[in-house]
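Asks: return a 3D structure for these sequence lines:
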Amino acid sequence: MSTTERVLLRDQATDLLRDAIVSGRLEPGQVIKDTRLASDLGLSVAPVRQALARLVEEGLVESKPQSRTRVTPVTLAAVRDALAVVGAMHQLATREGAALATSADIEAMRSANAQFRAAIEDGDTDRALDADDALHAVLVARYGNRAVASTIDRYTPTIRRLERRRFTAAQGRTSAAVHDELIEAVVDGRVDEAVAITGRIWSAL
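Replies: Next up is the predicted model:
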């Protein structure tokens, strides 16, 4: 097997396990057996172990040598820490990306918010939060700072674990309205206001 194939398998395993943890299919505190996981995912043990090591770094899994590996419990302290970092990174991306936003970016944000609203009305929390991520990712991508993007990717799952359990339709409708405010601020070139709105969005969580 080539190095590229090994990396792809590791990344595939990481994405699958991260999604299972964030969605709750792997529950907080659940003990993880790498051999069983590998069998369930249809992968060899090596990429699963590499994926678990990466998720330990992200704070989603904890491992004790010669003992056990388990899904990290959800704690408010961890979520607060992640929110402080993610919120700051999104505000930076908004400040730098909003001034560069194209008409295609605006359309992508509006489309994502429409999908967000539709998911809320359908009662589909997973789809709503995916759409929310897509909306905010537009300005992150426009900024183009890889360090900012990777920091957001690393810490957002910690936030989403708790948010998926507390998300309500009423909160979602309020968020959709604030998204509209953000989009219009970007359209009008009101960058400082867009940054402030972004801060409100993440602090409200």
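Asks: how does this protein divide up, domain by domain?
Replies: Domains of the chain are assigned by automatic domain parsing as 3-71, 76-204.
Asks: pLDDT averaged over stretch 128-136 - what is it?
Replies: In this model, stretch 128-136 has an average pLDDT of 95.
Asks: meant to ask about stretch 184-196
Replies: Mean per-residue pLDDT for stretch 184-196: 97.
Asks: stretch 29-37 now?
Replies: Mean predicted lDDT for stretch 29-37 stands at 90.
Asks: export that stretch as PDB, just CAs?
Replies: Output of stretch 29-37 as PDB, limited to C-alpha atoms (Å, rounded to 0.1, in the frame of the first residue of the first chain):
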ATOM      1  CA  GLY A  29     -17.600   7.900  28.000                       C
ATOM      2  CA  GLN A  30     -18.000   5.000  25.700                       C
ATOM      3  CA  VAL A  31     -15.000   2.700  25.600                       C
ATOM      4  CA  ILE A  32     -13.500   2.200  22.200                       C
ATOM      5  CA  LYS A  33     -11.900  -1.000  20.900                       C
ATOM      6  CA  ASP A  34      -9.800  -0.300  17.900                       C
ATOM      7  CA  THR A  35     -10.100  -3.800  16.500                       C
ATOM      8  CA  ARG A  36     -13.900  -3.800  16.700                       C
ATOM      9  CA  LEU A  37     -14.100  -0.300  15.200                       C
END
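Asks: how about residues contacting it?
Replies: Stretch 29-37 is contacted by residues Leu17, Leu26, Val45, Val48, Arg49, Leu52, Val61, Arg68, Thr69, Arg70, Val71, Pro73 when judged by Cβ atoms under 8 Å, 6 or more residues apart in numbering. (Glycine included, C-beta is placed from N, CA and C.)
Asks: roughly how far does the second one sit from Gly172?
Replies: With distances defined as Cβ to Cβ, to the nearest Å, the gap from Leu26 to Gly172 amounts to 25 Å.
Asks: longest helix in the chain, please.
Replies: Looking across the chain with DSSP state H, the single longest helix is helix 76-98.
Asks: the most centrally placed residue in the chain: helix or strand, and which one exactly?
Replies: Centrality entry for the chain: nearest residue to the mean C-alpha point is Thr156, 3.9 Å, by Cα atoms, centre = their mean. Using DSSP states H and E, Thr156 sits within helix 146-166.
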